[in-house]
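In: Curious how this folds, go ahead:
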Amino acid sequence: MKWKVALTAEEAALLITGLTEFGSLADAKLFVDANEETNPHSEYWQDWHDLKSNYDEAVSVKDAIWDEIHHAWQKQHQGEGRGSVLVLDSWLYSDECCDSLSIKGSKVTKKSLAAWVYEMEGLDKAQIIYPPFDPDHIGLSEAEHLKYTPSEVVNCPAKLQLAIDAHKHFWVEKNAGNQPVNSAVEVWLHDEAIRLKMKHNDSGKSSPGISNKVKDVIAQLIKPD
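Out: Take a look at the predicted model:
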């Protein structure tokens, strides 16, 4: 997580509570349960108790951050501003109608997360998330505040959101100097559409993914001018 600039609620919770050796909260729970120590006189009891406490805290932190992410998204979805100090870096939907946000596919910037944690837990915890964090110079730039404006998220069709995500993937995150060929973009679009459980009409039948025509249009549309 050290090199990531944005985190999901679960990733943030693992980082804040010092459980980054686990890939997920589910992995942490399996380990906690498998090593349960019920004898308070055992030499291992305190270590297990501390780990269990960290896990329980991580679950609570994840829920709190997710509630904040969801609140911020709803505010933007309704055109009422950001709604939180958290800055949404990216998000995915759980349905094609864009009515349900995906907890695993929605991320906030580390810098804004540090500001949120600072308000809750103080400087030490905030700097776990973002070491350069300075409460006197929070440093949320105007560009970051306006990273996603309400007009981008209100009633955004699934195919349009897919195109936005594809542009970000190939030309923002990868910062592609050499433009990928259309076929590579279309493969990514196909896999992502399947993952998002999108459907299209194929000769009168509902088929997973998007049509070849839509792939071609999006591949052309997302190229920088």
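In: what ranges do the helices span in the chain?
Out: 9-16, 25-34, 45-77, 110-121, 123-129, 142-145, 150-153, 158-167, 182-195, 212-221 (DSSP state H).
In: list the helices and strands the third one packs on?
Out: When contacts are defined as 3 or more Cβ pairs under 8 Å, 6 or more residues apart in numbering; DSSP states H and E, helix 45-77 sits against helix 9-16, helix 25-34, strand 88-90, helix 110-121, helix 150-153. To be clear about C-beta, it is placed using only N, CA and C from the backbone, and glycine gets the same treatment.
In: how is the protein carved up into domains?
Out: As given by automatic domain parsing, the domain ranges for the chain are 6-153, 158-221.
In: got CSV for those domains, with mean neighbour count and mean pLDDT too?
Out: Listed next are the domains of the chain as CSV, based on neighbours: other Cβ atoms under 10 Å; pLDDT from 0 to 100:
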stretch, mean neighbour count, mean pLDDT
domain 6-153, 16, 79
domain 158-221, 15, 80
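In: Next up, the contacts around the nearest residue to Tyr118 once chain neighbours are set aside.
Out: The shortest distance from Tyr118 to any non-neighbouring residue, by Cβ to Cβ, 6 or more residues apart in numbering, is to Ala126 (3.8 Å). Applying Cβ atoms under 8 Å, 6 or more residues apart in numbering to Ala126 gives the contacts Ala114, Ala115, Val117, Tyr118, Phe133, Pro135.
In: let's see it at 7 Å
Out: Ala114, Val117, Tyr118, Phe133 (Cβ atoms under 7 Å, 6 or more residues apart in numbering).
In: Same question for Ile194.
Out: Residues near Ile194 by Cβ under 7 Å, 6+ apart: Pro208, Gly209.
In: Please shift the residue numbers so they start at 714 in all later answers.
Out: Shifting the count to begin at 714 puts that one at Ile907.
In: and of the helices and strands packed on helix 758-790, who's closest to Trp779?
Out: Judged by Cβ to Cβ, the one of the helices and strands packed on helix 758-790 that comes nearest to Trp779 is helix 722-729, at 4.1 Å.
In: Of all the helices of the chain, which one comes closest to Ser803?
Out: Taking Cβ to Cβ, helix 871-880 is the member of these nearest to Ser803, at 7.5 Å.
In: Pull the distance from the closest one to the chain's centre.
Out: Computed by Cα atoms, centre = their mean, to the nearest Å, the chain-centroid distance of helix 871-880 equals 16 Å.
In: Counting by contacts, list what it packs against.
Out: Using 3 or more Cβ pairs under 7 Å, 6 or more residues apart in numbering; DSSP states H and E, the elements in contact with helix 871-880 are helix 895-908, helix 925-934.
In: between those helices, which one is nearest to Leu738?
Out: It's helix 895-908; of these, that one is closest to Leu738 (Cβ to Cβ) at 21.1 Å.
In: Pull up the gap between the residue lying closest to Val718 once chain neighbours are set aside and Trp829, please.
Out: Distances taken as Cβ to Cβ, 6+ apart place Lys823 nearest to Val718, at 5.9 Å, with adjacent residues excluded. Distance, Lys823 to Trp829, using Cβ to Cβ, to the nearest Å: 11 Å.
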